[in-house]
Structure formats: structure tokens, C-alpha cells
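> mind looking at a prediction? Sequence and model below.
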Amino acid sequence: MEKERRRGGPVDNLREDDPETANPAGADVEKQRLGVAWRPGTTTGLTQERKQIIRDVSEETIEAREKLSLLKQWQQMQAEENREKLHLAFLKKQMEKLKASAKGTHMQQPNS
């Protein structure tokens, strides 16, 4: 079991001398379909279509990251504006309290 984890999975446990698990012709077809082969000169590599797909996905990823960055900046600006509004409302209320307390102290002062 540990050998499977270390080497990549149960596929590595296939034996070539076992007729049930050995399938050299089928394995080569599968590897070529994936773009990989084990014999020199038989590698197919990445096709142009796959390369284009990779480029497209990379571009979309970059665009998505840029949009995310812009969205975060917009959210930060909105939060800053909201904090500023709350701060102004707090200051206004404090000023009203001070005015009210000042009016109250003027009325309580005896006229001399």
C-alpha cells in the first residue's frame, strides 16, 4: 500500500509477465493518446490544439485575477466611504450633544 502511494498509485504495480495486467499494445495507444510514449522517437508531445487551450486558460486566469483585484479595490473604496459617512454622522451627533449641554448650562447659570 505504501509503495502505491509513493510511486503514484496502483498502476505502478502492474507486472509485464502477468497476462491479466500486461497490455503493451493497449498501453502504448493510451500513452500516445495522452501525448506521452516511453520509447525514443515515439513521443507525440502536445498538439497545437492543446497548446492553444493552455494559452486560453492562462489568459482567462490572468483576466479573472485582474477582475478580482479591481473588485477588491472597489470594495475597499466603498468601505472607506462608508466609514467616512459614519464618522461624519458621529461627529455631528457629538456636536449636537455639546450644543445641547451648552444650552442647558446657560439656562442654569444665574444672571448676575
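Sure, I can see it. Numbering: from 1, shown residues only.
> any idea how this structure splits into domains?
1-45, 46-107 (automatic domain parsing).
> give me the distance between Gln52 and Glu59.
Gln52 sits 11 Å away from Glu59, going by Cβ to Cβ, to the nearest Å. All C-beta spots, glycine's among them, are computed from the backbone N, C-alpha and C.
> need the overlap of contacts for these two.
When Cβ atoms under 8 Å, 6 or more residues apart in numbering defines a contact, no residue borders Gln52 and Glu59 alike.
> Gly45: which element?
Assigned by DSSP states H and E, Gly45 belongs to no helix or strand.
> neighbours of it, how many?
9 (other Cβ atoms under 10 Å).
> can you check the pLDDT for it?
We have a pLDDT of 70 for Gly45.
> hey, least reliable of the domains of the chain by pLDDT?
domain 1-45 (a mean of 54).
> residue ranges of the helices in the chain, please?
If DSSP state H is used as the criterion, the helices of the chain fall at 2-7, 24-34, 48-108.
> TSV for those helices, including mean neighbour count?
As requested, those are exported to TSV (neighbours: other Cβ atoms under 10 Å):
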stretch	mean neighbour count
helix 2-7	9
helix 24-34	11
helix 48-108	10
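> contact partners of stretch 62-81?
Against stretch 62-81 from outside (Cβ under 8 Å, 6+ apart): no residues.
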